[in-house]
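> Sequence first, predicted coordinates after that:
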Amino acid sequence: MKPDTGRLDSYGLVSRGNDVRLQQDPVAQREYFDLILREYLSFCATSRSVGDLRDTFEGLGYRGTGPGQRRASAAAGRTSTQPAAASRSVSLGAGRGAADRGAAGARGAAPTAADPAGRETLVRRRQLDDIVMALRTLREAVLASPPCALAKSVLLLSIRVTVLLGHYESYLPSMLQLLDTVHPVLPLSDAELHEVVALYALHLVHFANNAAEAYAVMDKYNVRDDLPLRQIIAAMVDCDYVLWRRRYVGETDPGRRRMMAFGERNMTRQTLKRLGMAYFHMPVRDVERLTGWSWDDCVNVLGCGWRLEGDRVVMRERKTRPPAGGGAGGATAAAAAPAASGAANGPPADAAAGAALPATAPAVVPPAAPKPAVRAVSAPAAPPARAVSAPAAAHAARP
């Protein structure tokens, strides 16, 4: 009986050794790739709009976190954040920033089949899981053979799908295999190479926190003329949260934006840190505008310990000086004032009259310093007179 090959779970993983049919049949590989592509396009076609599709990928994405995000996730207790519709509106990037907050909540909260929205979420998540697993199965099958055009297409599709999900366990091996193994044999086009290198560089900066390697990869593959990419990396290295936030909000490529999302939590934390050093208090709407996060998310996700008083966020308390008069502080200041003025104008009158000195205190006269001995210096002796003969004297006196 011929097995059913019209489903995504028709083949097993080559790495587990339980199914090698796909590895040995190039025709089956092509058919399986076409099946995966049809399923992926069908999944995208069920979305109502491009924005809804982007929110779907962000909401169904994997909860992979970089080194700088694990501490924040642990501090937040891995609890779900509030949905964007229930949180305060954010004026800077209101649409996309709010969508990211809602996506974080969708990842944190487990959907249930009790409500229709939960059932739809579970169905779509299962579809994405099947597509990702099928891509892994096909990737393992084609990599066992020498590089070919099908292998390049499979790796590119795997990168483009799993990058939108933030599934670094899938897109990172595909990037490395494509750049190190396939590209030297079957060169990528300029657009494909630029796309893969840019995504890999953003992954290195925002997820692995390795800007030096990102610059090295860009120089190796001659991707130097991408000014927005270089500005994003420089802003991440310099903690320039204003430039980074501007680029993040204005990014139109969904893959790049998903890579930058790995570093959003760290950059938001840097923003809060610098605001706390520069201001004592600030309106809450300005905090949300500069960070791109709602106040509830700053408290629940990032663990911000500032105090909210009405519409104002109190970051630091001012240190007040003690009052000049009244109370114990005033008495101390009043007692210290005459002493200070007396020290400035000379001794007080009673001290000058000898009231503060003992009556029998003898006057102590310091001994005079000995004068240095003067050494007598004799005058220099006059030179001896020169004897002049009489004829010479007469000749000198002659007119």
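That came in fine, so what should we check first?
> pLDDT weak spots in the stretch 251-399 of the chain?
325-399 (pLDDT under 70).
> Let's see that with 80 instead.
In the predicted model of the stretch 251-399 of the chain, residues 321-399 satisfy pLDDT under 80.
> And the contacts of the helix or strand hosting residue 196?
Following DSSP states H and E, one finds residue 196 within helix 190-206. The list of residues contacting helix 190-206 from outside it, by C-beta atoms under 8 Å, 6 or more residues apart in numbering, reads 66, 156, 159, 163, 168, 171-172, 175, 178-179, 183, 187-188, 210-211, 213-215, 217-218, 221, 223, 226, 229, 232-233, 236-237, 255-256, 259-263. Glycine gets a C-beta too; all of them are placed from N, C-alpha and C.
> Would you write a ChimeraX line that selects the buried entries of these?
To isolate the buried members of those in ChimeraX, using 16 or more other C-beta atoms under 10 Å:
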select :66,156,159,163,168,171,172,175,178,179,183,188,211,214,215,217,218,221,223,229,232,233,236,255,256,259,260,261,262,263
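> so of the contacts of helix 190-206, which ones are in helices?
Under the assignment DSSP state H, the contacts of helix 190-206 contribute 156, 159, 163, 168, 171-172, 175, 183, 211, 213-215, 217-218, 229, 232-233, 236-237, 255-256, 259-261 to helices.
> From residue 213, how far off is residue 219?
Computed as C-beta to C-beta, to the nearest Å, the residue 219 to residue 213 distance reads 11 Å.
> do residue 173 as well
As judged by C-beta to C-beta, residue 173 and residue 213 stand 16 Å apart.
> cool, residue 42 as well?
38 Å.
> what does residue 260 give?
17 Å.
> Same question for residue 310.
47 Å.
> Repeat that for residue 177.
Distance of residue 177 to residue 213, given as C-beta to C-beta: 17 Å.
> now do residue 298
Per C-beta to C-beta, residue 298 is found 31 Å from residue 213.
> Of all the residues in the longest helix seen in the chain, which ones are buried?
When the chain is scanned for its longest helix (criterion: DSSP H), the result is helix 116-143. For helix 116-143, the neighbour count (16+ other C-beta under 10 Å) marks 121, 124-125, 127-128, 130-132, 134-143 as buried.
> Quick check: which helices or strands does that helix pack against?
helix 26-45, helix 149-165, helix 168-177 (3 or more C-beta pairs under 8 Å, 6 or more residues apart in numbering; DSSP states H and E).
> could I get the ones you listed as a markdown table with mean pLDDT and distance to residue 54?
As requested, the helices and strands packed on helix 116-143 are exported to a markdown table (pLDDT from 0 to 100; distance: least, C-beta to C-beta, whole Å):
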| stretch | mean pLDDT | distance to residue 54 |
| --- | --- | --- |
| helix 26-45 | 90 | 11 |
| helix 149-165 | 94 | 8 |
| helix 168-177 | 94 | 17 |
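> Dump those to CSV, plus distance to residue 195.
As requested, these are exported to CSV (distance: least, C-beta to C-beta, whole Å):
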stretch, distance to residue 195
helix 26-45, 17
helix 149-165, 8
helix 168-177, 10
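> and the ones you listed, which is most packed in?
Most buried of the helices and strands packed on helix 116-143 by mean neighbour count (mean count of other C-beta atoms under 10 Å) is helix 149-165; its value is a mean of 21.
> Does the closest residue in space to residue 44 that isn't next to it in sequence lie in a helix or a strand, and which?
With sequence-adjacent residues excluded and distances taken as C-beta to C-beta, 6 or more residues apart in numbering, residue 44 is closest to residue 53, at 6.0 Å. Assigned by DSSP H and E, residue 53 falls within helix 50-59.
> just checking, what packs against that helix?
helix 94-108, helix 254-261.
> Tell me the buried residues in that helix?
53, 54, 55, 56, 57, 58, 59.
> what's the angle from that helix to helix 26-45?
110 degrees (axes from the mean of the first three to the mean of the last three C-alpha atoms, to 10 degrees).
> how about helix 50-59 as CSV, C-alpha atoms only?
Only the C-alpha atoms of helix 50-59 are listed here, as CSV (Å, rounded to 0.1, in the frame of the first residue of the first chain):
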residue,chain,number,x,y,z
VAL,A,50,-1.4,42.5,6.3
GLY,A,51,-1.5,44.0,9.8
ASP,A,52,-3.6,41.1,11.0
LEU,A,53,-1.1,38.6,9.5
ARG,A,54,1.8,40.4,11.2
ASP,A,55,0.0,40.4,14.6
THR,A,56,-0.8,36.7,14.1
PHE,A,57,2.9,35.9,13.6
GLU,A,58,3.9,38.0,16.6
GLY,A,59,1.2,36.5,18.8
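> what is the mean pLDDT for that helix?
Per-residue pLDDT values over helix 50-59 give a mean of 77.
> Looks like residue 54 contacts residue 255 (just checking).
No: judged on C-beta atoms under 8 Å, residue 54 makes no contact with residue 255 at a distance of 11.0 Å.
> If we ignore the residues flanking it in sequence, what's nearest residue 243?
The shortest distance from residue 243 to any non-neighbouring residue, by C-beta to C-beta, 6+ apart, is to residue 235 (4.2 Å).
> my read: the one you found touches residue 263, true?
No: using C-beta under 8 Å, residue 235 is not in contact with residue 263; the gap is 9.9 Å.
> Return every residue with contacts to both of these two.
Common neighbours of residue 235 and residue 263 (C-beta under 8 Å, 6+ apart) are residue 244.
> Figure out which of the helices and strands packed on helix 116-143 is closest to residue 19.
Between residue 19 and the helices and strands packed on helix 116-143, the tightest spacing by C-beta to C-beta is seen for helix 26-45, at 11.3 Å.
> Can you tell me which helices and strands that closest one packs against?
helix 116-143, helix 149-165.
> give me the low-pLDDT residue ranges for the stretch 51-200 of the chain?
51-56, 58-121.
> switch to 70 and redo it
Short version for the stretch 51-200 of the chain, where the test is pLDDT under 70: 60-118.
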